[in-house]
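Participant: for reference, the sequence and a predicted model appear below.
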Amino acid sequence: MSYTPNWTTKVFTIPLGDLTFVSGVNYTLDAGDFWIEVRRLEASAANNGGLYAEQALEFVNTQTLSGIPYSAIVKLINGYTWEVNASNIIVSLLGKNNNLLDTFVPANGVSVLANNSAGKIETGTGLDAGQSTQLNEIHTRLDLETANPQTYADDGSSISNTDFTLTKSDNGDGTFDIDRT
Amino acid sequence: MTVYDRDYATPADAVTAVLAQFSITAGGDIRHDTGTHTFHVWWLHRALQKKVWDLATSGNDFLNLAKPNPSTSEALGTIITLLDHTTDFSVRYNIDDTAAQSFFGGSIEQQNGSSQTERYSGLIVLGSAVAGTELQIIQNAAVVTSFWGTGLNQTDSNTLLRVLVKTIVAGAEVDKQIVVVKASEFQDTYAVWETTLGLGEKVAAISTADDPNNNTALATVQAYTGFAGVGATVEGWDLHDVDGNGADPFLGSLSYAGLTGNQTKDALYEVVKAYLTRGTTDTLWGIDGDLYTARLFQLTLTPGAGSLLYVQNEIVTWTGGGEGVMLAADDLDEDNITRMVIHLNKGIAPVNTDVITGATNSADNVVTAAEKLATAANYIGVYTGSNWIAPKGTGFLASELIFGDSVTALDGQTPGVPQNVTLSLTVNCDASDDPYAFLAEKDGVLEAPDYNTYNGTAQGTSVSTIIVDAAIQADEPQTGYIGVLHTGRTYYTFYEYSSWTGSTFTLVGTTDAIAITAGDNMFIAYFYEALVGTGATQTLSRSFVFDSGTRDFVGWVRHGDPTIPDKPVPIAFNSVGSNSQSLIVQLENES
């Protein structure tokens, strides 16, 4: 993320690269990503950090009511606004309920589509942490991770990737074991 | 035991008692025989005159009318001289040290077998002391062996002690007949008095009382961790910047830092007293506490030639006749030294043109002046229970001084201890967190920081000072951060400063490669940094000197970790006056 804050005018400028391209002129912005990045900037004492500046964002976490987890809320406050450093695109807001449509600075033909819902609930992935790890490992093992392809030994003795290495050891009886490290 | 004072009502009884307690040989030796009565010296004279008036000797007193005059009396019976008739009568009237212990109220002078003068001088100690106090008499850098216990010959309620002290031996004065009377009972206040004895009886004044700030048992204090190390902190010539306006010279750097588990002024006070209490063997500057007489002098010396070195705590002597211990010097090299502080052991302090010489290396310098420092029998001075009122020269570690402490440097300066106010912040958080805090003075109207307390003056780029267009307020912190809204930037840039004076902040580093334009908004951030420490409890603090009135401060603690951010927490110190304040903040995960 590389938002550019203007702590004087209270505007966060989001570069096009920090939006997720969908197709054509359609992009998405996850409100959760927005929350995390603004929080980081608020707490930064680095040059152009906002540690001294008034709080920009309010976050209300997921609430469980009658057993149903309702969506968290991301809310720009204290007069802060945001804009996109691009023109003639459509930005669809995703994720948590938010007031980003209300605080957007319209310019250059950028349109923002809200996705708030009074009944929005946190569905999540349906997986717990262990299941999620297992799924990721299957994904990697099947060599579907294009950014990190597996490396295969010419003699078939090993397969390695960024997460683990599989090594073949001959048992001498026509079978072999695979050791995972 | 009866005390026969000068005005004892029945003279005949007093004379009889003297003669019963002493034997007198035909040669004139007056010796203690039996009995514990004590007598004014007048009664010795009267008893002797009685015997040489009698026709016959009696008992063990071998005097009668045939013997020459034994004594004379002057000054209303307070100056007794025992006469030497060795040449004509082979009689030399004399007492010995044991016999002298039975007399008081004046002097007894006599000749020894070599026709040399000997003198027992009268000493009366007036005043008041806590019951049970055992006074000490220091003579010629040694303790006179006590035979008076907790007091002797207390002929009235204001008299603590009346005794004779031998001040001339074999024709020579013992330390110029100077004695020092001390009272140094632990848990009481200490007292010391120097007097020069001579003919008759001379006065010393002693006053002690229960010390309300010294209630710990001596053995407990002596068992403090670090007890033995405190003594070293009084030694040497140390510079202390007490008021933030430059360093001044002091004797040593008394500190309680080494008293692990008892790092308080109370403990330090008691430890120093313990060093000096009667009967212990602890030393300050190598001086046994019993022999510490609080006679400190600051000498002005003329730097000499050569490069011989004085040695800390060494014995020094001077041509005027005296001996001391070197407590401190502004330079140990005789070639550079200009000031020295000594403890007077013997004699009188050096005077102009005396040459003082160190015993170790024979470093020497000419003395041009000697200043007597204020006498403090306990060295450390008055302790109120929270503040020191220290005599001139006594030095403390500056960081352990607090507002209200009174110290006087050896150069005569009396730097005031600033009334520091400290704002302390404690943040409880996850052990892996690295939270940041911001704090500034509150705006006069808004519930927000005042972002414009100063305006800049035009300055170049990458400069090491920032000059504002007004005098910096006296109660700005001595260190902190100055935020600058450079013309051309949309955010404040913060520069840490290490000091300030007048209108100028001195930075730890330099400004960015962007100029400061006259009128640029500026303000002081008390906190603009990461919390100090790691783990679940992290802290920050900032101190400033109280000026007047009260101020409000606002700020916040933030932790914007992209993985697990915490909820921002506002903080405020309200109505901060002369008292320090502290805050505890609990961070909570936001997700």
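Facilitator: Happy to help now that I have it.

Participant: B:Ile524 and B:Arg558, how far apart?
Facilitator: Here B:Ile524 is placed at a distance of 19 Å from B:Arg558 (CB to CB, to the nearest Å). All C-beta atoms are positioned from the backbone trio N, CA, C, and that covers glycine.

Participant: likewise for B:Leu126?
Facilitator: Distance, B:Leu126 to B:Arg558, by CB to CB: 71 Å.

Participant: next: A:Pro15.
Facilitator: Distance from A:Pro15 to B:Arg558, by CB to CB: 24 Å.

Participant: look at those two and report which has more neighbours.
Facilitator: B:Arg558 (25 against 13; other CB atoms under 10 Å in any protein chain shown).

Participant: ok, the more buried one to B:Tyr528 distance?
Facilitator: Taken as CB to CB, the span from B:Arg558 to B:Tyr528 is 12 Å.

Participant: and A:Ile159, by the same measure?
Facilitator: Relative to B:Tyr528, and taking CB to CB, A:Ile159 is found at 51 Å.

Participant: neighbour count for these two, which is higher?
Facilitator: Ranked by neighbour count (other CB under 10 Å), A:Ile159 and B:Tyr528 place B:Tyr528 first, with 24 against 18.

Participant: okay, and the more buried one sits in which element?
Facilitator: According to DSSP states H and E, B:Tyr528 maps onto strand B:521-530.

Participant: ok now that strand, how far from the chain's centre?
Facilitator: Put simply, strand B:521-530 sits 42 Å off its chain's centre (CA atoms, centre = their mean, to the nearest Å).

Participant: same check on stretch B:287-300?
Facilitator: Mean-position distance between stretch B:287-300 and its chain equals 10 Å (CA atoms, centre = their mean).

Participant: residues near the residue of chain A found nearest chain B, how many?
Facilitator: Of all residues in chain A, A:Ala43 sits closest to chain B, at 3.1 Å by CB to the nearest CB. Using other CB under 10 Å, A:Ala43 has 25 neighbouring residues.

Participant: try the one 5 residues further on
Facilitator: Taking other CB under 10 Å as the neighbour definition, A:Asn48 ends up with a count of 15.

Participant: outline the domain layout of the chain.
Facilitator: Since no chain was named, I'll use chain A. A:4-113, A:129-180 (automatic domain parsing).

Participant: chain B, not that one
Facilitator: Under the assignment automatic domain parsing, the domains of chain B span B:3-115, B:120-207, B:218-290+B:377-400, B:295-372, B:421-586.

Participant: how about those in CSV, adding mean pLDDT?
Facilitator: Output for the domains of chain B, formatted as CSV (pLDDT from 0 to 100):
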stretch, mean pLDDT
domain B:3-115, 96
domain B:120-207, 98
domain B:218-290+B:377-400, 96
domain B:295-372, 97
domain B:421-586, 96
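
Participant: helices along chain B, start to end?
Facilitator: B:11-21, B:41-51, B:86-89, B:97-100, B:218-222, B:227-230, B:265-276 (DSSP state H).

Participant: actually chain A, not the one I typed
Facilitator: Going by DSSP H, chain A shows helices at A:31-42, A:100-103, A:129-141.

Participant: what are the buried residues along the last one?
Facilitator: The reference is to helix A:129-141. For helix A:129-141, the neighbour count (16 or more other CB atoms under 10 Å in any protein chain shown) marks A:140-141 as buried.

Participant: does chain B have contacts with that helix?
Facilitator: No: Helix A:129-141 lies apart from chain B when judged by CB under 8 Å from any CB of the partner chain; the minimum separation is 14.2 Å.

Participant: report the distance from that helix to the chain centre.
Facilitator: How far helix A:129-141 lies from its chain's middle: 18 Å, per CA atoms, centre = their mean.

Participant: ok, now the second one?
Facilitator: Chain-centre distance of helix A:100-103: 20 Å, with CA atoms, centre = their mean.

Participant: excluding chain neighbours, what is closest to the most centrally placed residue in chain B?
Facilitator: Centroid-nearest residue in chain B, with CA atoms, centre = their mean: B:Tyr379, separated by 2.1 Å. Excluding its sequence neighbours, the residue lying closest to B:Tyr379 (CB to CB, 6 or more residues apart in numbering or on different chains) is B:Val272, at 6.0 Å.
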